[in-house]
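**Student:** Just need the structure, nothing else, for what follows:
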Amino acid sequence: MAHGYIWGGDSPSERLPPAISVPLLHISDYLEVLPVATYAAVCLWNFKPLFEDEHVDNLENLATLTTFTGSIDESWFYLVSVAIEARGAPILPLMLTAIEAARINDSAIVTACLRRFAERLDDLGTLLQRIHEGCDPHVFYHRIRPFLAGSKNMAEAGLPNGMLYEDGTGTEKFRQYSGGSNAQSSIIQFFDIALGIEHRPTGEKKDLSSESELEGMAPPSKHNFLLEMRKYMPGPHRRFLEDFTMVANIRDYVEANQGNFELTAAYDACLAMLRAFRDKHINVVTRYIVLKTRESRSHSRSKSPEATRHKVNIATASRQDTDDYSGKKKLKGTGGTALLPFLKQARDETGEPILNQWAKRVASREFRTTGQGDFFLGKLDEHPDEEIETGLAGTWTIDDNAGGICHY
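**Tutor:** Below is the predicted model of the structure:
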């Protein structure tokens, strides 16, 4: 209701009336989530199985409870994430078993758990690609995506100050929250912690001198976007990840037993599968965001301003800011991070712990040669440089090659 009120008109409303804001703030406090359309709100808590006796990881057995548009495309967009969560859920007890086995030096159990982990990650990648079956990029970009925007770094979309949640006290202050993002998925961050993957702030290089300081735990936490997104998770999920970080030991155990080929191969396979998952996600968000942004700009420049009704939201902001051909748009906001470097860095960081040097080289190769296109994306290297655009979560931007609403 809040996001529908904010983004439903021709221009966004920066004030949320008490009839909506008061119960929203109350229930958000009770559920330990921020008062915004989080991943938990639109995905985790927004589905039902059609048949109780069938699996909830089956997309055909899922339905949404509430959508902004009433479209099948919007439901499918949410339900793909729901199915990924359900299909990935067995990995949690699996890796807890692996951690316990590592403590007693049972390499056979650890290896078996890692093998099952890798196989399940490959399955999740297949599920992710099913988004193309039921969600049209045009519908997503122009009809669905605007409702998912937050109030952080949204000046170009019509919210320069953020949002004012009126509560009747007269002392309210503007708030800024990130919008919906799959980076708020606790299970994806669980995968990183389980495998000992360290994500650094965008642009920060790997510090080789710190590697020797790891003593049986996941890498020390650093302030970055993924850690920031934990604030948008349900409280119990957030606390679980904090506790899990303290006991994660798989990476350290594997590195201490590099002579065990089966163990290291299973660990490397997990990293390779998770890296491939992130590659698939880059392809998805490129098709649904970057290419539609280019198309939107092209169409808007071919029409007179009077040809279409003036509407301000996240979908129109990018073309409105660049119709004057004034060059690249400056990044707004203190937390802004270029999207393509962010996505590539997160993907590359996933492959950094790979132990086998040959496997690491294979995982880091760019297989697409110059001029070679993708079935969905076309020849990305033929497009000119694009302007920077703030993403839905308020920190990402769009450049020439890739972009998106979120990042795994």
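
**Student:** residues in contact with the helix or strand hosting Thr245?
**Tutor:** Per DSSP states H and E, Thr245 falls inside helix 235-247. Outside helix 235-247, the residues within contact range by Cβ atoms under 8 Å, 6 or more residues apart in numbering are 31-33, 40, 99, 186, 189-190, 193-194, 217-218, 221, 230-231, 233. All C-beta atoms are positioned from the backbone trio N, CA, C, and that covers glycine.

**Student:** What's the PyMOL line that selects buried ones from those?
**Tutor:** Those of the contacts of helix 235-247 that count as buried under 16 or more other Cβ atoms under 10 Å are selected in PyMOL with:
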select buried, resi 31+33+40+99+186+189+190+193+194+218+230+233
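
**Student:** average pLDDT for the helix holding Thr245?
**Tutor:** Averaging pLDDT along helix 235-247 gives 97.

**Student:** ends of stretch 231-238, how far apart?
**Tutor:** One end of stretch 231-238 sits 7 Å from the other (Cα to Cα, to the nearest Å).

**Student:** how far is the helix holding Thr245 from where the chain is centred?
**Tutor:** Remark: helix 235-247 is offset 19 Å from the chain centroid, using Cα atoms, centre = their mean, to the nearest Å.

**Student:** counting contacts, what elements does the following helix or strand past it pack onto?
**Tutor:** Remark: after helix 235-247, the chain's next helix or strand is helix 250-256, criterion DSSP H and E. Applying 3 or more Cβ pairs under 8 Å, 6 or more residues apart in numbering; DSSP states H and E, we find helix 250-256 packed against helix 91-103, helix 107-129, helix 186-195, helix 261-285.

**Student:** Repeat the analysis, applying 6 Å as the threshold.
**Tutor:** In terms of contacts (3 or more Cβ pairs under 6 Å, 6 or more residues apart in numbering; DSSP states H and E), helix 250-256 is packed against helix 261-285.

**Student:** Ala37 reaches His3, doesn't it?
**Tutor:** Yes: contact criterion Cβ atoms under 6 Å: Ala37 and His3 qualify, at 4.8 Å.

**Student:** List phi and psi for Phe47.
**Tutor:** phi -150, psi 170 (degrees, to the nearest 10).

**Student:** which residues pair with it across the strands?
**Tutor:** Note on Phe47: beta-bridge partners by DSSP bridges are Thr64.

**Student:** quick check: mean pLDDT across stretch 184-199?
**Tutor:** For stretch 184-199, the per-residue pLDDT averages 95.

**Student:** Could you check how far that stretch is from the centre of its chain?
**Tutor:** Worked out by Cα atoms, centre = their mean, stretch 184-199 lies 12 Å from the chain centre.

**Student:** Start at 583, not 1
**Tutor:** Will do, 583 is the new start, and the previous item becomes stretch 766-781.

**Student:** Send me it as CSV with only the CA atoms.
**Tutor:** Once non-C-alpha atoms are left out, stretch 766-781 reads as follows in CSV (Å, rounded to 0.1, in the frame of the first residue of the first chain):
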residue,chain,number,x,y,z
GLN,A,766,18.4,-8.8,0.9
SER,A,767,18.1,-12.6,0.5
SER,A,768,19.6,-14.2,3.6
ILE,A,769,20.1,-17.6,1.9
ILE,A,770,22.5,-16.1,-0.8
GLN,A,771,24.5,-14.5,1.9
PHE,A,772,24.5,-17.8,3.7
PHE,A,773,26.2,-19.4,0.7
ASP,A,774,29.0,-16.8,0.8
ILE,A,775,29.6,-17.2,4.6
ALA,A,776,29.5,-21.0,4.3
LEU,A,777,32.2,-21.0,1.7
GLY,A,778,34.3,-18.3,3.3
ILE,A,779,33.8,-15.8,0.5
GLU,A,780,34.9,-12.3,1.3
HIS,A,781,33.1,-9.4,-0.3
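
**Student:** For that stretch, which outside residues touch it?
**Tutor:** 620-621, 667, 670, 677, 800-801, 806, 808, 811, 814-815, 819, 823, 826-827, 830, 833, 852, 856, 928, 931-932, 935, 990 (Cβ atoms under 6 Å, 6 or more residues apart in numbering).

**Student:** Let's see the ChimeraX selection covering just the buried ones among those residues.
**Tutor:** A single ChimeraX command selects the buried members of the contacts of stretch 766-781 (16+ other Cβ under 10 Å):
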select :620,621,667,670,677,800,801,806,808,811,814,815,819,823,826,827,830,833,852,856,928,931,932,935,990
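
**Student:** Count residues in the vicinity of Gln840, would you?
**Tutor:** 12 (other Cβ atoms under 10 Å).

**Student:** what's the distance between it and Pro935?
**Tutor:** Using Cβ to Cβ, to the nearest Å, Gln840 is found at 12 Å from Pro935.

**Student:** cool, His863 as well?
**Tutor:** Counting by Cβ to Cβ, the gap from His863 to Pro935 is 19 Å.

**Student:** which residues does the nearest residue to Gln711 once chain neighbours are set aside contact?
**Tutor:** Counting by Cβ to Cβ, 6 or more residues apart in numbering, Lys862 is the residue found nearest to Gln711 once chain neighbours are left out, at 6.0 Å. Neighbouring residues of Lys862 by Cβ under 6 Å, 6+ apart: 707, 710-711.

**Student:** can you pick the most crowded of those?
**Tutor:** Most surrounded of those: other Cβ under 10 Å gives Leu710, at 21 neighbours.

**Student:** residue ranges with poor pLDDT in the stretch 883-990 of the chain?
**Tutor:** Scanning the stretch 883-990 of the chain for pLDDT under 70 picks out the ranges 883-922, 945-990.

**Student:** Look up the closest residue to Arg833, ignoring the ones flanking it.
**Tutor:** Gly778 (2.7 Å).
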